[in-house]
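Peer 1: no sequence for this one, just the structure:
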């Protein structure tokens, strides 16, 4: 069983920053990983992705403000979020693909809450 544990969420004012972490119980080196978020009453959406080669992808609303990265030696995924806006608020989840070089997300964490006040 693979365990993903997010941390780093909290409450900030608009314009502030947070750094989310996702610690994984097995190697992430050859796996696609991503951060997703879900606001109340809305569907979950992908925020940022990083593949096994370290190539990153962002949705338009987070480009230039969010940075996804990973430390393979620590089996940890990060999301640096700057210039946060109220629309960034929600529960943030990290996810990992089950198979090497697959980008189908099979494993999910429990989430960490991000609140942004205007």
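Peer 2: That came in fine, so what should we check first? Remember, predicted model here, so these are calculated numbers, not experimental data.
Peer 1: for the helix or strand of the chain with the lowest mean pLDDT, packing partners?
Peer 2: Of all helical and strand segments in the chain, the minimum by mean pLDDT, DSSP states H and E falls on strand 105-108, at a mean of 95. Where contact means 3 or more CB pairs under 8 Å, 6 or more residues apart in numbering; DSSP states H and E, strand 105-108 is packed against strand 90-97. C-betas here are computed from N, CA, C, even on glycine.
Peer 1: Counting by contacts, list what the strand it packs on packs against.
Peer 2: In terms of contacts (3+ CB pairs under 8 Å, 6+ apart), strand 90-97 is packed against strand 4-7, strand 18-24, strand 33-38, strand 76-81, strand 105-108, strand 112-117.
Peer 1: quick one: strands adjacent to the longest one?
Peer 2: Neighbouring strands of strand 18-24 in its sheet, by DSSP bridges, are strand 4-7 (antiparallel), strand 76-81 (antiparallel).
Peer 1: again, but for the fifth one
Peer 2: Taking DSSP bridges as the criterion, strand 105-108 pairs within the sheet with strand 90-97 (antiparallel).
Peer 1: now for the helices and strands packed on strand 90-97, which one comes closest to residue 59?
Peer 2: strand 33-38 (9.8 Å; CB to CB).
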